[in-house]
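# Fold the following for me, if possible:
(chains A, B and C)
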Amino acid sequence: MRPLLSVRDIKRHYQVRVPGGFFGRDALLKAVDGLTFDIKRGETLGLVGESGCGKSTTARLVMGHIPLTAGSVAFDGQPVTARHDSDWRAMRRRMQMVYQDTLGALDRRLTISDQIGEPFAIHEPLMTARQRHERALSLMDSVGLRADMAGRFPHELSGGQRQRVVIARALALSPDLLVCDEPVSALDVSIQAQVLNLLDDLREQTGFAALFISHDLKVVRQMSDRVAVMYLGKIVETGAPEAVFKRAQHPYTKALISAIPTPRNRGRRERIVLEGDPPSPVDVPPGCAFHTRCPLAMAQCRLDTPLLSGDGDHLVACHAIHQSAQSAPLAAE
Amino acid sequence: MLRYALLRIARALVTVSLIVSIAFVILRLSGDPAIIILGPEAPPEAFKAFRHAWGLDQPIWVQYLKYFNAIFHGDLGNSMRDGRSALQVVGERIPLTLAITIPALFLKVLIGLPAGVYAALHRNTAIDRLIMTLSVFGFTVPSFVLGLVLAMIFAVKLGWLPSGGSDTWLHAVLPIFTMGMIGAAVIARFTRSAMLEVLGQPYIRTASAKGLVWRDVVVAHALPNAAIPTLTIVGFMVGSLVAGAVVVESVFSWPGVGRLLVTAVANRDLAVVQVILLFVGFTMVLANLIVDLLYGWVDPRLRTKRLQAGT
Amino acid sequence: MTIDSGNLNPTTQASRPSGGSFFTSKGRYRAFFETWPPIVLIALFFIGLAIFVVATAPLIAPYDFMAMDLRDRLTPPALFGGTWTHPLGTDELGRDLLSRLIISIRVSMMIAFLSTLIAGTLGITLGFLAAYFRGRVEQLIMMLIDAQASMPFMIIALAVLAFLGNSLFLFIVLMGFYGWERIARIARGLAIAATEQGYATSVRDLGASPMRIYGRHILPNIASTLIVSMTLNFPEVILLESGLSFLGLGVQPPMTSLGNMVGYGRDYIQSAPWIMLVPSAAIVLTTLSISIVGDWMRDRFDPTLR
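Okay, here's the model as predicted:
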């Protein structure tokens, strides 16, 4: 069964100019540096990491918004390019995106029913305005917006309502893949839960696959079938949510999880504090990108980039883990 | 800073080439100069001779290259009317134009700048309203109307000043005054906007809150920052020192470059028109370049582009 | 180059909502005049008058503007010693000034209007092309903008007129090149900002074609700013055209324009000053009114534009 989305070793590098010397020096910003993953039909992959790790860039590469520096992206067997020609536009019927900034994603001059109906106007020129309006109303209903709000404008709605509009618009043509780039980060916590539940329900009804991106571990855990943790443009750990969160192996993942605040009466998690400053994607350390801050760093970590490996579903990219994994079976015997 | 300067110079050179090319294109689009100058009834041999003398019978790209070449060597053709070198004809008139535009520029800046600054500092007072009302006329009253009205009052009715010609320094008063008034109004308005924008910035309030005397705040913080956009407009005015007097010179029969341009256009004297066009173009580009470089020096934000962290 | 209506901006004045409460009624007049300051109303009245003249010019002119009556030359306006047969007097050829004024207003306004349309179309198109294509195309267009911005238009216009001759059509096209560069700059800047803002990107993500993105989304969103720019371009074209016509190089006789009339009146400022003053007043009043309204529009609709 061919996976819906096939991402192979994608890279996105930028040539930039940084301060230094009289003119500044040229440097390479490695936003995404060799990602490989698959998403099967109906599956949700959660991508988690801190700001600057390359999550949003990954989303844009997968959608074909920006061109790849290297690697390939295949959607249902077809390559995804960044050339915005008619093929690319046709592909939009099947892959859509939900954004973090809800106000910016909507045209402030158009009513929300017009905007929800826009995908039809673009891709189904034979539909009449009346038909579009009716489809828009039914979509509004499926995301929990009252029909009397059809004539409202984006700035008249709350953040949560706007995000519902964006979701409705994205799902209008029943895409196979929905890429959600921090969809609830800008919302209040109580609203977050509502929108996430909505996404969950819609996913059950429509069966779309999703790439769910967030820096919030709890959200990712709730929404994903599989999770991948990113650091400085690479995936360092991937697996089922429970496995990654309860039995994290990579030191970075462990540190991330330990930083989740817990209520006092539940017992404190031990907080792992990483040493050193987070490096910028311009000066990625050689070998394993994390070695400058890693408590388990060894000599090898400075030289070789670790690859994702492990048993079964739970993969880690860490020399230290692999070494002890290699020695552990020997010890167990 | 060096990089910024080089970039600006390169752009200036490109703009100049563009102006020269446009001048060339305009020249060639005009239809046959031979017919225009000689008249349609002249015999065909006369046309041929004329065209050959002016190099008009060669392929267009050859003419283009020769044109560039000629400019480099300062050979810009002769006035088709009186046969003298067009450069010379124009050059003669430049001092006369400068004689009225330079004093006018002083007038504009010396009146306009302080007026604008004062108006901004005393916003919404009677003086501000007065300055604003007067300055409106700076760009709704055309220069020829103002010139004629002033001539009517001071030359005709009162007889204090002469209304035309260039014999004595008295003749220069009205042209200078006309241009000066209009320019001062424009500068006043512009300076006022720039000052108001700067005064509205948070850092001004901070400076004042720090305990600085208001006057010091203005002099040390507001004025230098407001100077930046004002530079643009003064630069434009400096650049048009040669060209800016076209209408005024015609109104007052002042024999400067502007007047020459008008008569050359009426007579289809291509060489002279072209020389003036190039001259004005060069002056403007140079003035803009200097303003740009001054900007780079005065406004440190323009000199470096820092990398923003984060993907 | 605009009139500051900072003191006309309603928000800087009393902040009580219009209507008032039971105890302190603000008065409907005061509220009305806050949104529509008197000077703007007067300006709008003049503009309305000018538009009326433009629309009905041949019908309301009492005489044929070219009809000469040498017995009646140089008569002053009605209230200054003349008669009401020629309410604004006559010129040196006995032509009725009121009729000439009416036709001239029409000619000058039409030229300015068409030119502004051309400049607007040119500017918006090139600005959008620069914003959409970026890269080389953008650099080229920016260079064109710079080249045009660095030359005083009067000089360019004169140089071109030397070669284009006297066709009115070509003259209007030439005037259409005035100000396009400012509009192009604004259009490009706003289009780029729009794409960065996200609504343009998100519509593109839906699969919209560039035409749809620019035509249906970006353009309507930035239209108010562009319209204000074009409104402020209008009076400047009037000034430019009248200057050129005054010099004898713009609108040619027998056609008449405001600048033309001033040019004719020039020789008679001593003996018959009204010949020059009447069209001059018309020029000033028209440009003044449009500038006032343009500034007020700018303050109301787009305070970010300075």
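# Please tell me I have it right and residue B:292 contacts residue B:10.
No. With contacts counted by C-beta atoms under 8 Å, residue B:292 stays clear of residue B:10, the gap being 11.5 Å. In this view, the C-beta of every residue, glycine as well, is placed from N, C-alpha and C.
# Tell me which helix or strand the nearest residue to residue B:16 once chain neighbours are set aside sits in.
In space, and not counting its chain neighbours, residue B:16 is closest to residue B:285: 5.2 Å by C-beta to C-beta, 6 or more residues apart in numbering or on different chains. Using DSSP states H and E, residue B:285 maps to helix B:270-298.
# in that helix, what's buried?
Neighbour-count burial for helix B:270-298, counted by 16 or more other C-beta atoms under 10 Å in any protein chain shown, picks out B:270-293, B:295-296.
# which residues of chain B score low on pLDDT?
Where chain B drops to pLDDT under 70, the residues are B:1, B:26-42, B:47, B:50-63, B:66-67, B:70-83, B:163, B:166, B:298-311.
# can you map out the helices along it?
Remark: helices assigned in chain B by DSSP state H are B:2-29, B:33-38, B:44-53, B:60-72, B:86-121, B:126-140, B:143-150, B:170-199, B:202-209, B:214-217, B:223-239, B:246-251, B:257-266, B:270-298.
# Pick the most buried one from these.
helix B:246-251 (a mean of 27; mean count of other C-beta atoms under 10 Å in any protein chain shown).
# and that one, how far out from the chain's middle?
With C-alpha atoms, centre = their mean, to the nearest Å as the basis, helix B:246-251 stands 14 Å off its chain's centre.
# Which strands or helices does it pack on?
Judged by 3 or more C-beta pairs under 8 Å, 6 or more residues apart in numbering or on different chains; DSSP states H and E, the packing partners of helix B:246-251 are helix B:86-121, helix B:143-150, helix B:170-199, helix B:257-266, helix C:153-164, helix C:219-246.
# Could you export the ones you listed as CSV, including distance to residue C:93?
Below are these laid out as CSV (distance: least, C-beta to C-beta, whole Å):
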stretch, distance to residue C:93
helix B:86-121, 34
helix B:143-150, 20
helix B:170-199, 28
helix B:257-266, 22
helix C:153-164, 25
helix C:219-246, 17
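# Go through those and name the closest to chain A.
helix C:219-246 (5.8 Å; C-beta to the nearest C-beta).
# mind listing what's buried in that closest one?
For helix C:219-246, burial by neighbour count (16+ other C-beta under 10 Å) applies to C:219, C:221-222, C:225-246.
# got it, and stretch A:178-190?
Buried residues in stretch A:178-190, counting neighbours by 16+ other C-beta under 10 Å, are found at A:178-184, A:186-187.
# Report the secondary structure state of the most centrally placed residue in chain A.
Geometric centre of chain A, nearest residue: residue A:213, 2.5 Å, by C-alpha atoms, centre = their mean. For residue A:213, the assignment made with DSSP: H, G, I helix; E, B strand; the rest coil gives strand.
# what's the answer for residue A:174, then?
The three-state label given to residue A:174 by three-state DSSP is coil.
# That one - nearest residue in space that isn't next to it in sequence?
What sits nearest to residue A:174 in space, not counting adjacent residues and going by C-beta to C-beta, 6+ apart, is residue A:206, at 6.1 Å.
# quick one: that neighbour and residue A:172 touch, right?
No. Under the contact definition of C-beta under 8 Å, residue A:206 does not touch residue A:172, with a separation of 11.2 Å.
# Looking at these two, which is more packed in?
Neighbours per residue (other C-beta atoms under 10 Å in any protein chain shown) separate residue A:206 from residue A:172, with residue A:172 holding more: 24 against 14.
# Leaving aside the residues adjacent along the chain, what's closest to that one?
residue A:119 (4.2 Å).
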